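*Asks:* sequence-free structure coming up:
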């Protein structure tokens, strides 16, 4: 539904205010939907067309029930695309629509300018529709059940990608096929000097090194592959339609990955700007109370749950203040007088500039790593909680800055997922696939891991193995196609 | 915008009910949402299917939070690792489950018994428009103004702008305050169906027999109601004589006396002729008896009535014979002989409660 004249007017106003603050965004198209349509679009991850799959129906049921029983509602939804699409709930009051619009413009600025989004497809709306068409065609040809079952398999592996690979060249194309030396190089010498110029023990050592290098070269993949999906697409014995579906799933995973990597930053940025735009420029007197009510709902905290809106917006404000007052750099860091620190104000006024820089270059990990300070943690009463196996309860375990930061960073690194990689595509020289879990201290959820391994095997079609750590012991779990085997690993699997 | 969520939703529900894709069954968890109805907490069942991924075991993980409390302060109980769902905000209270609606029940019944969907006949082209108030909007006709919402908006505005005086709360409403009901029109194909239940209440029909009839007619009711909006139901009981009764009496009467089945059919015929002419109504007749008719002559009469008058005017005539220690059960055999191939006649023998299921299938299974 197109915008009513009132909403169109509001959009114009907010857009120009946002621009005047220096926000830089794609054109934004707002659509007004009733709750049912909004829930439908939300179930599809914001896109009007996706391939058919039951999990969208599951999402929809949850949203629908949540709305019907008055437990949850979606206020805002915005799609990273050029132009940006955003949705407004028809029955929201005008002041809500204003908040949403301001929030959306900030998100859109973030999508356009944050480095982590720079490689995303800006025509994803069309791409998703194309994916849908392709999947539907396969369903017509090969049967709904068959295709859907395969999608289920792929979705089980959808997080096995390497979001950083978009920015780094992981595999260099093979350089000139230089023939590697096959044996140790001998220096030219007279017969009687031979043992002296080319000592046999050194030659032997060199020989061994070359042999080892040659062995290593034979590894497949040469380096452990983090983009497991790509590896499977390239090397699994799949049919063409299956390969295509797997690559569709992979492509969509890459599209959504930056959103998971920048949740705190992105929501913080949008909250910062909606509050600034509304309170400084756009609120009318009559709207103040409703605005305050809804804004406080957005940034409310619950014990045991971290609100990314709250953490993000407060960090941005903290950064702005610190850079306005010059609370950074060597001199400030070395100052140990708390009173002086709290009075510190060099009036440098770089705050605004700094937060724009942060939104351009950071993701959640670097955001927390660089800008979460001890003072901030104390001021916001942050804590770490842990599961206490004796009581079966979650308890506050520490308020130390170090631990808070470690825990947060751990949760955010690699989107909170375990590091998985393909270690060997020809394991035991039998064409088996070896996946390695790089153990970081937290074990895998084993029932899920087994089921996922089963799905890997179905795609690889040869036994699939997983090396991980179970109850502090390195283990090798294999799925052969009809049964699981578990063995102790004495050395890390190569 | 073309949205196809309905398909996906339907498919999800089918998986949950175990109709398709059995291998996903092990991933289903019985989640719930905790809602509120008045003062009570209610549990809204929210089944979920979680596709397995490589993830960290959650219990060990813990996290970062924000708020008051010392080291050791308890935040809440852990959820069992195999179930998902959100923790309620007041644990330990008695929680009611939201019941399954009859609509859903009928849907399940259909799937369970593999009943086909009934295609409405008759006036299927006649379409009724139905409007329903679904929301509130800032514009609309004055006649639909929502007074309370408007008044609230007015109060909010005048409080916020400081024009409100407690001593003289002279309210004035401006255009922006006004709120109106909005409606949506849905198009319903109007179908009209009537059910006639006939029951033999002669001395030989005991409590157990009646219970069987009651259960069976409840389920038939549910199924037909699911397919026809505006269902009309009439009840007839008979021994040696037939009369029309209300639902209460139908299920609770115990008469004694002989059995003259044709009396019931005659009454049924009268009702359909006067109230439900065949060209406009889908009529379903269900007759339950123990099959012990008074005389062979009356049975002949019944067959004649059915063949010449009743069956041509109804969609379906069902006869369910409840097993009874006293009856001979001859009537079913007679009907079988008289209507071996008749499309609109369904005959069924209900031996015990367990065979109700089978009998419903025989009655409705062909989607008549």
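*Replies:* Cool, the structure landed. A quick note: this is a predicted structure, and the numbers were derived from the prediction, not measured.
*Asks:* distance-wise, check the residue in the stretch 1-150 of chain A positioned nearest to chain B relative to residue B:30.
*Replies:* Closest approach between the stretch 1-150 of chain A and chain B, counting by CB to the nearest CB: residue A:57, at 3.5 Å. In short, each C-beta sits where N, CA and C put it, glycine included. Using CB to CB, to the nearest Å, residue A:57 is found at 17 Å from residue B:30.
*Asks:* can you check residue A:364 too?
*Replies:* For residue A:364 relative to residue B:30 (CB to CB), the value is 33 Å.
*Asks:* for residue A:169, same thing?
*Replies:* Taken as CB to CB, the span from residue A:169 to residue B:30 is 47 Å.
*Asks:* higher neighbour count, these two?
*Replies:* residue B:30 (12 against 7; other CB atoms under 10 Å in any protein chain shown).
*Asks:* how about the secondary structure of the nearest residue to that one once chain neighbours are set aside?
*Replies:* Nearest non-adjacent residue to residue B:30, counting by CB to CB, 6 or more residues apart in numbering or on different chains: residue B:47, 5.8 Å away. On the three-state scheme (DSSP: H, G, I helix; E, B strand; the rest coil), residue B:47 is labelled strand.
*Asks:* and residue B:47, what does it touch?
*Replies:* Contacts of residue B:47 were listed using CB atoms under 8 Å, 6 or more residues apart in numbering or on different chains, and they are B:16, B:28, B:29, B:30, B:31.
*Asks:* and the stretch 151-300 of chain B, which residues reach chain A?
*Replies:* B:156, B:157, B:159, B:160, B:161, B:162 (CB under 8 Å from any CB of the partner chain).
*Asks:* buried residues in stretch A:361-374?
*Replies:* By neighbour count on 16 or more other CB atoms under 10 Å in any protein chain shown, the buried set for stretch A:361-374 is A:362, A:363, A:364, A:365, A:366, A:367, A:368, A:371, A:372, A:373.
*Asks:* list the contacts of the helix or strand that contains residue B:248.
*Replies:* Per DSSP states H and E: residue B:248 is located in helix B:247-252. Helix B:247-252 is touched from outside by B:197, B:199, B:210, B:214, B:233, B:235, B:237, with contacts defined as CB under 8 Å, 6+ apart.
*Asks:* and it, what's its mean pLDDT?
*Replies:* For helix B:247-252, mean pLDDT rounds to 78.
*Asks:* packing partners of the very next helix or strand once past it?
*Replies:* Scanning forward in sequence from helix B:247-252 by DSSP H and E, the next helix or strand is helix B:261-275. In terms of contact count using 3 or more CB pairs under 8 Å, 6 or more residues apart in numbering or on different chains; DSSP states H and E, helix B:261-275 is assigned the packing partners strand B:193-200, strand B:231-238, strand B:242-245, strand B:282-289, helix B:296-305, helix B:311-313.
*Asks:* each with direction, which strands does the fourth one pair with?
*Replies:* If I follow you right, that is strand B:282-289. strand B:193-200 (parallel), strand B:316-322 (parallel) (DSSP bridges).
*Asks:* and that strand with helix B:296-305, angle?
*Replies:* If you take axes from the mean of the first three to the mean of the last three CA atoms, to 10 degrees, strand B:282-289 sits at 170 degrees to helix B:296-305.
*Asks:* likewise for the second one?
*Replies:* Using the same axes, to 10 degrees, one finds that strand B:231-238 and helix B:296-305 are set 160 degrees apart in direction.
*Asks:* and for residue A:7, the neighbour number?
*Replies:* Neighbour tally, residue A:7, other CB under 10 Å: 17.
*Asks:* that one in helix, strand or coil?
*Replies:* Residue A:7 ends up helix, using three-state DSSP.
*Asks:* gap between it and residue B:178?
*Replies:* Taking CB to CB, one finds residue A:7 at 17 Å from residue B:178.
*Asks:* ok, now residue B:201?
*Replies:* 60 Å.
*Asks:* just residue B:140 next, same as before
*Replies:* 8 Å.
*Asks:* higher neighbour count, these two?
*Replies:* residue B:178 (19 against 16).
*Asks:* that one contacts residue B:150, doesn't it?
*Replies:* Yes. In this structure residue B:178 lies within contact range of residue B:150 using CB atoms under 8 Å: 5.1 Å.
*Asks:* rewinding a little: redo the contacts of helix B:247-252 as JSON lines? Include neighbour count and pLDDT.
*Replies:* Conversion of these to JSON lines gives the following (neighbours: other CB atoms under 10 Å in any protein chain shown; pLDDT from 0 to 100):
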{"residue": "B:197", "neighbour count": "25", "pLDDT": "88"}
{"residue": "B:199", "neighbour count": "26", "pLDDT": "86"}
{"residue": "B:210", "neighbour count": "20", "pLDDT": "79"}
{"residue": "B:214", "neighbour count": "14", "pLDDT": "80"}
{"residue": "B:233", "neighbour count": "16", "pLDDT": "85"}
{"residue": "B:235", "neighbour count": "19", "pLDDT": "89"}
{"residue": "B:237", "neighbour count": "24", "pLDDT": "86"}
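*Asks:* which pair of the residues you listed spans the longest distance?
*Replies:* B:210 and B:233 (17.1 Å; CB to CB).
*Asks:* what secondary structure does the spatially closest residue to residue B:312 that is not a sequence neighbour sit in?
*Replies:* Excluding its sequence neighbours, the residue lying closest to residue B:312 (CB to CB, 6+ apart) is residue B:278, at 7.4 Å. Classification of residue B:278 by three-state DSSP places it in coil.
*Asks:* before we move on, back to that, compare the residues of the stretch 151-300 of chain B next to chain A and tell me which is most surrounded.
*Replies:* residue B:157 (20 neighbours).
*Asks:* so how far is residue B:173 from it?
*Replies:* With CB to CB as the criterion, residue B:157 and residue B:173 are 9 Å apart.
*Asks:* same check, this time on residue A:138
*Replies:* Taken as CB to CB, the span from residue A:138 to residue B:173 is 59 Å.
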